[in-house]
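Enquirer: Give me a model of this one.
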Amino acid sequence: MKGMLRVLIVDEDLASRHLARTILTRAGWEAVDFSDAASALDCFSRERIDAVLIGGLPGYGGLDVCRTLRAAFSRL
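Expert: From the prediction side, this is the model:
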């Protein structure tokens, strides 16, 4: 569907990603999800993402992901 807002979900837990995807999709968002920060950052660099939802990631916290995004992408 054209014009939908896209959210990137990043969490190591499959059940958490599935729940977030279900809730956000029902609310009208297009959701993409990854279990690791590296894949999520790669997706963010290639695709239009409107929001990021960050859960638990071993060895790479949510603030680390936010700092990396801000440093790498001037559109933030």
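
Enquirer: where exactly do the helices run in this structure?
Expert: Listed in chain order, the helices of the chain (DSSP state H) span 14-26, 37-46, 62-72.

Enquirer: Deepest in the core, which of the ones you listed is it.
Expert: For the helices of the chain, the largest average neighbour count (mean count of other Cβ atoms under 10 Å) is found in helix 37-46, namely a mean of 16. Using the backbone N, CA and C atoms, a C-beta is placed for each residue, glycine as well.

Enquirer: Tell me which residues touch residue 58, please.
Expert: Contact analysis of residue 58 by Cβ atoms under 8 Å, 6 or more residues apart in numbering lists residue 12.

Enquirer: if we can go back for a sec, and the helices of the chain, which one's lowest on average pLDDT?
Expert: Mean pLDDT across those is lowest at helix 62-72; the value there is a mean of 77.

Enquirer: From the chain's centroid, how far away is that one?
Expert: Its chain's C-alpha centre lies 12 Å from the corresponding centre of helix 62-72 when counted by Cα atoms, centre = their mean, to the nearest Å.

Enquirer: again, but for stretch 46-62
Expert: Distance, centroid of stretch 46-62 to centroid of chain: 4 Å (Cα atoms, centre = their mean).

Enquirer: returning to that earlier point: determine which of the helices of the chain approaches residue 56 most closely.
Expert: helix 14-26 (7.6 Å; Cβ to Cβ).
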